[in-house]
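[1] here is a sequence with its predicted model. Questions after.
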Amino acid sequence: MSRAERLLQLMQQLRLHRFPVSGQALATTLGISLRTLYRDIASLQAQGADIRGEAGLGYVLKPGYQLPPLMLAEEEIEALMLGTRWVARHGDNDLAEAARHLTAKIEAVLPQKLQDYLAGAPLLVAAPRAPLPCQVDVAQIREAIRRERKLRIRYQDQQGQESQRLIWPIAIGFFEQVRIVAAWCESRQAFRHFRTDRLLAIELLAEPYPGRRQLMHQWRQVHGQPPQGY
């Protein structure tokens with residue numbers, strides 16, 4: 001690969017690590033010598049990249065540094081288009097619109113050759129079966145998750161029984177026809193899963209709940225993933 005490509009790959013590797021990563025690990029991943037890695041780190045630092053660390057201690061790219069528009073590999077373009085096409089077909093209306101805007105923004109900074117490949121990326125997503133009707137706005141649930149706010153819900157279970165719940169939503173699972181909200185339920189004092197098509201009403205509250213990341217960690221320890229059969 002060219003030196004420019006190597007520097008871009010080095011930046012990408014640094015972006016993937018939140019904590020310091022050793023020079024040897026970076027050199028091995030990139031297939032270069034440690035001496036070359038040290039020179040490349042110095043070159044990136046001279047160009048303004050906020051890379052902290054030194055030989056023997058590891059390196060980390062400090063948050064906030066923005067890369068200039070990059071050349072994308074064909075596999076990266078295919079991954080991008082497959083993901084956005086899936087979201088456009090399977091996500092709620094707001095997510096589908098966001099996927100289309102994202103594609104347009106990325107296309108705008110690509111060279112013409114890659115723009116053409118992006119438009120014709122040869123990976124297609126099959127049309128989904130019609131999702132089960134949903135009476136609530138799923139975008140409001142996503143807002144509650146982002147803001148770590150509690151939701152008051154009215155829910156109807158599989159037997160048709162209705163209940164009022166106060167939940168702490170932490171994630172949404174997208175299946176072909178249904179969407180599942182993973183949440184801590186205050187009344188049950190346990191994690192529960194709620195199908196959005198069985199939600200009769202939701203109310204976004206101003207009251208925050210504590211520590212979504214910690215809750216996600218606890219949820220994964222208990223469930224790993226939403227139960228099958230939903």
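    Received the coordinates, thanks.

[2] okay, now the domains of this structure?
    3-61, 74-119, 138-222 (automatic domain parsing).

[3] what is the least confident helix or strand in this structure?
    helix 112-119 (a mean of 78; mean pLDDT, DSSP states H and E).

[4] this protein: helices as residue ranges?
    3-16, 23-30, 34-46, 74-90, 93-108, 112-119, 138-147, 212-222 (DSSP state H).

[5] between the lengthiest strand in the chain and helix 212-222, how big is the angle?
    Longest strand in the chain, counting residues (DSSP state E): strand 162-174. Counting by axes from the mean of the first three to the mean of the last three C-alpha atoms, to 10 degrees, strand 162-174 lies at 90 degrees to helix 212-222.

[6] compute the inter-axis angle for strand 162-174 and helix 138-147.
    80 degrees.

[7] Ile41 versus the residue with the largest distance to the centre of the chain, what's the distance?
    Distance from the centre of the chain peaks at Arg35, with 35.0 Å (C-alpha atoms, centre = their mean). To Ile41, Arg35 is 11 Å away according to C-beta to C-beta, to the nearest Å. Just so you know, the C-beta spots here come from the backbone N, C-alpha and C atoms, and that holds for glycine as well.

[8] just checking, what packs against the least confident helix or strand of the chain?
    helix 74-90, helix 93-108 (3 or more C-beta pairs under 8 Å, 6 or more residues apart in numbering; DSSP states H and E).
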